[in-house]
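**Q** Prediction below, plus the sequence it came from.
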Amino acid sequence: MMRKFNKKKSSRRGAILVTVVFVLAFATIFIAAAMTLTQATRKRVYQEAYSDQARLTVTSVAEAWYRAVNMCEFEDASIIKLCEGSGTTIHVVAPTAGDRIPGMEVDGTTDPNNCTTVFFHRDHVGTGTTDDKYTYYADFTTNIGGHKENVRSVLTYTLPANPTGGKPFNAQFDFNSPIDQTNMTEIGKGSDSLDNIFLARQGGKNKNQGNVIYSTMVYCNGAVAFKAEEFYSEDMVFLTGAYFKHLNDSTHPDVMKVKNFFFFGSSGEAISDGDSSDWKADSSMTFYLCNRTNTGNWSGSAKVINVRADGGKTSDPEGTSTLPENIQKKIVKYASYNVSYAPGGKEPFPTTDTFLKSAKKLGISKTHPSDAKEVTLGEYLTENAYQSKKGFAKEGTFFFKSDGSENDKDKHTKLSGMTEDFKAYEPYVIVLDGTKDYKFYFAKGTFGLRNVVFIINKPSTSHPAIFVLEDGAKIYWPYDKYNTYKDCYTSSNSVVASNGIIATETRNFDTAKAAYEFVIKEFGRSAEGAKTNFDKDNYSSSMGWSKYYDANNEACAMVVGMGNNVFAIDKNFVLESFVGLFNKDYNNGNSSVFRSRNGKTNLLYGRLMTDGYDDWDGGGIVMPASPGSSNVDAVDPGFKKLKTNFSLVKMVYYYNLTSNKS
């Protein structure tokens with residue numbers, strides 16, 4: 001029997017199938033959409049986590065750094081150094097793998113997608129070359145998975161209010177008052193060291209043709225005048241406040257024999273007083289101006305280049321892009337002199353108290369200690385001269401008292417057995433033992449040393465001979481008020497070095513007798529002595545220095561003036577010693593003076609710091625280059641509250657870093 005076909009029932013089944021297919025399709029769409037939404041949400045959550053963590057890391061690092069600056073865990077000088085030039089980039093790292101911090105590399109590894117860096121740099125603002133003329137930046141950037149966040153610290157710097165002073169004898173010459181260089185015959189030869197400088201803190205003048213200066217001249221303040229052609233082997237540097245001045249006579253200066261001129265200032269000040277025909281300048285020279293204005297009338301074709309204190313240049317008539325490296329280094333070095341030695345700088349001329357703080361190794365004081373042996377100068381010389389002692393002078397601390405008279409001016413013009421015939425005269429020779437300590441204090445009053453030579457056998461910087469001028473002490477060496485002084489002669493009729501201190505390292509003798517015989521037989525003229533051919537012109541090639549004057553051997557003696565002193569030397573004087581003449585202050589008419597008479601035969605191997613200088617009857621001095629003293633240190637300011645001179649201007653958070661200085 002055949003089953004009857006039901007068309008209505010078959011149609012219902014097809015509809016169900018289509019419905020199922022549509023449901024599955026929509027389910028697939030919904031599931032795919034849900035999965036896509038979930039993935040996007042998860043990615044967004046991760047990105048926000050990266051961003052949040054990057055912000056957290058960079059904020060923490062930036063704020064921790066500034067707290068460290070305020071607590072002086074970073075020295076101001078170190079921050080300034082990092083910001084100089086084109087700046088410095090540093091990676092901030094975690095110390096070990098166990099201290100992993102998101103967004104920070106582990107020490108010793110590199111991961112550009114998981115790191116924090118800081119870029120230190122600065123912008124020059126306004127005028128001036130000192131460190132307070134810049135805005136300082138520390139730009140922190142954290143990168144996590146390619147997502148970067150930035151924080152910028154903006155700071156300003158204030159110069160320290162109280163200068164502490166530097167190390168005494170940093171320069172060959174250091175003068176605290178206007179200096180007349182007219183009779184400084186030959187200065188600074190034998191060294192190209194950067195501390196072979198001549199510091200003239202209050203300007204000066206030079207009116208004599210023929211002087212030879214091998215030191216770099218640094219004029220710190222005031223007018224600088226020249227009259228005749230001079231020879232300056234090195235550069236001439238003018239700091240803030242120092243300028244050329246015309247001498248107002250018919251002789252126009254010609255200072256063409258200078259390597260280069262460097263001028264530093266704070267507000268575009270002029271390099272000259274502007275008078276007509278001030279000076280000449282040869283085409284071989286260059287004027288480097290840092291915040292100075294090229295004014296005044298000068299003839300010649302020297303180049304003028306405006307520069308920055310960091311060694312860069314702001315303009316150049318030749319159109320070159322960079323300065324030579326040696327010039328850049330000089331500019332940076334000389335700019336540091338401007339910070340240190342210009343008026344108000346960090347290293348003013350020391351007061352007596354400041355010097356004593358730096359010279360603790362010497363063990364000296366303003367006045368003689370209570371256990372010093374008190375004698376007259378004549379008594380000490382008579383007793384301890386080798387001619388009578390036949391050995392080393394007695395060591396210890398001595399106080400030469402003064403009764404207000406002209407001390408012993410006649411008592412040491414001759415020794416026992418000597419005649420008034422100066423051709424048979426020998427100087428007092430005081431031979432000091434270089435292994436012992438000698439300190440000589442001079443009381444207030446006038447002392448005349450006449451034909452006296454101190455010589456140290458086997459000199460040592462550990463045992464320098466020290467001559468202390470107490471407040472008001474004045475030494476004239478030799479003493480020649482009545483013009484009776486004559487040269488000392490040996491039996492062979494040759495002039496010897498009649499006065500001085502012989503105390504240079506490596507100048508050793510086997511015995512006291514050998515040291516004595518060296519003075520009376522050889523010192524004045526031999527190649528082993530101070531200088532050969534004193535009478536030759538200072539340009540002569542035959543002029544030679546002793547082998548001991550090599551700019552490395554240190555003078556092992558020191559003359560120190562405590563205030564209102566005079567230390568005067570005269571003809572045929574050889575001074576192998578440091579000389580420092582100071583005052584308690586420089587505001588109330590106090591003055592200490594170094595004098596040199598008949599200067600072309602006076603020689604100083606050592607370094608000189610003096611409040612005042614006098615070329616006494618047209619005298620002057622000859623001075624080869626020599627090293628600084630190992631017995632003085634930079635001034636110790638003592639305990640003080642730690643304080644940074646940086647101030648935070650603002651913190652810029654999470655900005656878009658489009659440039660290093662945005």
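**A** Yep, it's here.

**Q** Would you mind giving me the confidence score for residue 252?
**A** Confidence at residue 252, expressed as pLDDT, is 51.

**Q** what does residue 425 give?
**A** In this model, residue 425 is scored at 56, pLDDT.

**Q** Also residue 150?
**A** 92.

**Q** One more: residue 632?
**A** 92.

**Q** Likewise for residue 477?
**A** Looking at residue 477, its pLDDT reads 82.

**Q** And the pLDDT for the residue nearest to it when sequence neighbours are not counted?
**A** The shortest distance from residue 477 to any residue other than its chain neighbours is 4.1 Å, reached at residue 449 (Cβ to Cβ, 6 or more residues apart in numbering). (Each C-beta comes from the backbone N, C-alpha and C, glycine too.) On pLDDT, residue 449 comes in at 78.

**Q** One more: residue 248?
**A** 55.

**Q** go on, residue 538?
**A** pLDDT, residue 538: 35.

**Q** same check, this time on residue 467
**A** 97.

**Q** which ones are touching it?
**A** Taking Cβ atoms under 8 Å, 6 or more residues apart in numbering as the criterion, residue 467 is in contact with 440, 442, 501, 557, 558, 559, 560, 577.

**Q** mind checking how far the nearest residue to the last one once chain neighbours are set aside is from residue 59?
**A** Spelled out, it's residue 577. Setting aside the residues directly before and after it, residue 577 is nearest to residue 557 in space (Cβ to Cβ, 6+ apart), at 3.9 Å. Using Cβ to Cβ, to the nearest Å, one gets 61 Å for the distance from residue 557 to residue 59.

**Q** Show me which of those two is the more surrounded one.
**A** Using other Cβ atoms under 10 Å as the criterion, residue 557 and residue 59 rank with residue 557 on top: 23 against 17.

**Q** what about residue 54, helix or strand, and which?
**A** helix 7-70 (DSSP states H and E).

**Q** For the helix or strand hosting residue 579, which helices and strands make contact with it?
**A** Assigned by DSSP H and E, residue 579 belongs to strand 578-581. Packing partners of strand 578-581 (3 or more Cβ pairs under 8 Å, 6 or more residues apart in numbering; DSSP states H and E): strand 557-561, strand 593-596, strand 608-610.

**Q** let's see it at 10 Å
**A** For strand 578-581, the packing partners by 3 or more Cβ pairs under 10 Å, 6 or more residues apart in numbering; DSSP states H and E come out as helix 352-358, strand 465-469, strand 557-561, strand 566-569, strand 593-596, strand 608-610.

**Q** can I get the contacts of residue 467 in TSV with distance to residue 285 and pLDDT?
**A** Compiled in TSV, the contacts of residue 467 are given as follows (distance: Cβ to Cβ, whole Å; pLDDT from 0 to 100):
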residue	distance to residue 285	pLDDT
440	47	97
442	47	94
501	39	91
557	39	96
558	38	96
559	38	97
560	40	97
577	36	95
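
**Q** Any quick ChimeraX command for the buried ones out of the residues you listed?
**A** In ChimeraX, this line selects whichever of these come out buried by 16 or more other Cβ atoms under 10 Å:
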select :440,442,501,557,558,559,560,577
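
**Q** Can you tell me which of the contacts of residue 467 comes closest to residue 102?
**A** Nearest to residue 102 among those: residue 558, at 61.6 Å, using Cβ to Cβ.

**Q** ok, for residue 549, nearest residue in space, not its chain neighbours?
**A** With Cβ to Cβ, 6+ apart, the residue lying closest to residue 549 is residue 624, at 4.5 Å.

**Q** where do the helices sit along the stretch 301-450 of the chain?
**A** For the stretch 301-450 of the chain, applying DSSP state H, counting those that start in this stretch gives helices covering 325-341, 352-358, 377-384, 386-389.

**Q** which of the residues in the shortest one are buried?
**A** Same thing as helix 386-389. For helix 386-389, by 16+ other Cβ under 10 Å, it's 386, 387, 389.

**Q** thought the first one was touching residue 452?
**A** No - with the criterion set as Cβ atoms under 10 Å, residue 386 and residue 452 do not qualify as a contacting pair; they are 11.7 Å apart.

**Q** Need the residues touching each of the two.
**A** Residues touching both residue 386 and residue 452 (Cβ atoms under 10 Å, 6 or more residues apart in numbering) are 428, 429, 430.

**Q** In TSV: those, plus neighbour count and distance to residue 76.
**A** Below are the shared contacts of residue 386 and residue 452 laid out as TSV (neighbours: other Cβ atoms under 10 Å; distance: Cβ to Cβ, whole Å):
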residue	neighbour count	distance to residue 76
428	24	54
429	26	54
430	24	50
